[in-house]
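Student: Fold the stuff below for me.
(one chain, ligands or ions: 1)
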Amino acid sequence: MPLLEVEQLSKKFPVGGRRMLHAVDDVSFEVDAGESLGLVGESGSGKSTIARLVSKLVDADSGAIRFEGRDIGPIPPRRFAGDPARRKIGLVFQNAGDALNPAFNAARNIAIGAGTGNVDAARIAAKAAEAGLARELLDRRPHQLSGGQQARVGIARALMSEPSLLILDEPTAALDVSVQAAVLKLIDALRREKDLALIFVSHDLEVIRLMCNRVMVLYLGRVAEYGPVADLLERPAHPYTRALIAASPGKPAGAALQGEPLSPISPPGNACLFHSRCPLAIERCLAERPALRDMPSGRRVACHRAEETTAAAPSSGLRAD
Ligand SMILES: Nc1ncnc2c1ncn2[C@@H]1O[C@H](COP(=O)(O)OP(=O)(O)OP(=O)(O)O)[C@@H](O)[C@H]1O
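Tutor: Purely as a prediction, here's the structure:
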């Protein structure tokens, strides 16, 4: 049984009048113990909303979220704080400085993660040590700590309840490259030592490559492609994945996507959501939204032309019919 099973998760937000923004649409995935799943996609693709839905900060419109086999989806977010599953899901957010209470010192901020009133100082020190935070920093308030130290406080806080799943939403996005590398190394070491499962949200494919076993590529709230990370990045099957890889730092310029993304507000019911920017779009893509379908080696892809895309060499210029 997977540690976490998410099935057909959907979330719309009202945006005035009767208009709804489709933030997450029919998303399914699994995470096993000790596994690290990356969520990647452009800004607005639904990564954070998925992280917030799974951690029950936001209520889903529909879909199941089975944690250790139990569907926690129907539990209202306000009641989830007292649920035993809550303690097993640790959360680490972008910009640790903002996520910490500025009035509390590091020790008190870490203690919050236990979810109960009084926490033994020795336990706080132990979690700080696991997160690589020196004991003498525990008396300092967030503004007296560096970005990397703040990130470690956030991680120590998430570890307080001995989680089996950590949800990390761009945990190092605000950090300098060298500090980022040290914090990523820490997270990876913790995953191995504790057999922690991770859901790792990032814009950065290189970070995903380093940190994750599997990756889910999202476009306008839907899964474009899903699969083992090395294989997927080596041989992307979805034209959007190819474009993301081509646009990542260190790749030659000129491969940027053309065309405008569709609006996530009342998107067309039938068409592929990527058709407006897709170099391979054909008539069928306008008439029939591609379902997520199984490909070899554990890959799933939502593209009518995936076979042609994977058959083409990564550097070859793909053309529409
Ligand atoms: N509370 C909300 N009310 C209305 N719209 C929202 C709300 N939260 C998210 N959205 C919208 O849902 C869509 C998905 O947002 P989300 O933050 O999940 O994307 P993301 O991929 O995490 O983006 P980023 O990388 O910028 O954080 C966006 O269009 C966003 O504007």
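
Student: From here on, just use CA atoms for contacts and neighbour counts.
Tutor: Noted.

Student: pLDDT score assigned to the residue nearest to residue 33 when sequence neighbours are not counted?
Tutor: Counting by CA to CA, 6 or more residues apart in numbering, residue 33 lies nearest to residue 197, which is 5.0 Å off, once chain neighbours are set aside. On the pLDDT scale, residue 197 is placed at 98.

Student: can you check residue 252 too?
Tutor: Residue 252 is given a pLDDT of 58.

Student: try residue 96
Tutor: 67.

Student: Likewise for residue 174?
Tutor: For residue 174, pLDDT reads 83.

Student: Could you do residue 259 as well?
Tutor: Value for residue 259, per-residue pLDDT: 84.

Student: Going along the chain, name the strands of the stretch 101-250 of the chain.
Tutor: With DSSP state E, counting those that start in this stretch, the ranges of strands along the stretch 101-250 of the chain come out as 165-169, 197-201, 214-219, 222-228.

Student: Including mean neighbour count, could the ones you listed go into CSV?
Tutor: CSV is the format used below for the strands of the stretch 101-250 of the chain (neighbours: other CA atoms under 10 Å):
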stretch, mean neighbour count
strand 165-169, 25
strand 197-201, 25
strand 214-219, 26
strand 222-228, 25
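
Student: of all the ones you listed, which lies closest to residue 43?
Tutor: strand 214-219 (9.3 Å; CA to CA).

Student: Please name every helix or strand in contact with that closest one.
Tutor: Applying 3 or more CA pairs under 8 Å, 6 or more residues apart in numbering; DSSP states H and E, we find strand 214-219 packed against strand 36-40, strand 222-228, helix 229-234.

Student: check whether the first one contacts the ligand.
Tutor: When you say that, I think you mean strand 36-40. No. For strand 36-40 and the ligand, the contact criterion (CA under 6 Å from any ligand atom) is not met; the two come no nearer than 7.5 Å.

Student: relative to strand 197-201, how tilted is that strand?
Tutor: Going by axes from the mean of the first three to the mean of the last three CA atoms, to 10 degrees, strand 36-40 is angled at 10 degrees with respect to strand 197-201.

Student: Following strand 36-40 in sequence, what is the next regular element?
Tutor: helix 47-54 (DSSP states H and E).

Student: And for that following helix, what's in contact with it?
Tutor: Where contact means CA atoms under 8 Å, 6 or more residues apart in numbering, the residues beyond helix 47-54 that reach it are 23-24, 39-41, 58-60, 65, 167-169, 199, 201, 218, 221.

Student: if I pick residue 125, what's in contact with it?
Tutor: Residues near residue 125 by CA under 8 Å, 6+ apart: 107, 135, 138.

Student: ok, and the most crowded of those?
Tutor: residue 107 (23 neighbours; other CA atoms under 10 Å).

Student: How much space separates that one from the ligand?
Tutor: Using CA to the nearest ligand atom, to the nearest Å, residue 107 is found at 28 Å from the ligand.

Student: Grab the nearest non-local neighbour of that residue.
Tutor: residue 138 (4.9 Å).

Student: likewise residue 242?
Tutor: Per CA to CA, 6+ apart, closest to residue 242 is residue 236, 5.7 Å.

Student: wait, what's in contact with the one you found?
Tutor: By CA under 8 Å, 6+ apart, residue 236 lies in contact with 242, 309-310.

Student: and the gap between it and residue 217?
Tutor: For residue 236, the distance to residue 217 equals 10 Å [CA to CA, to the nearest Å].

Student: returning to that earlier point: so which of the contacts of residue 125 belong to helices?
Tutor: Cross-referencing those against helices under DSSP state H gives residue 107.
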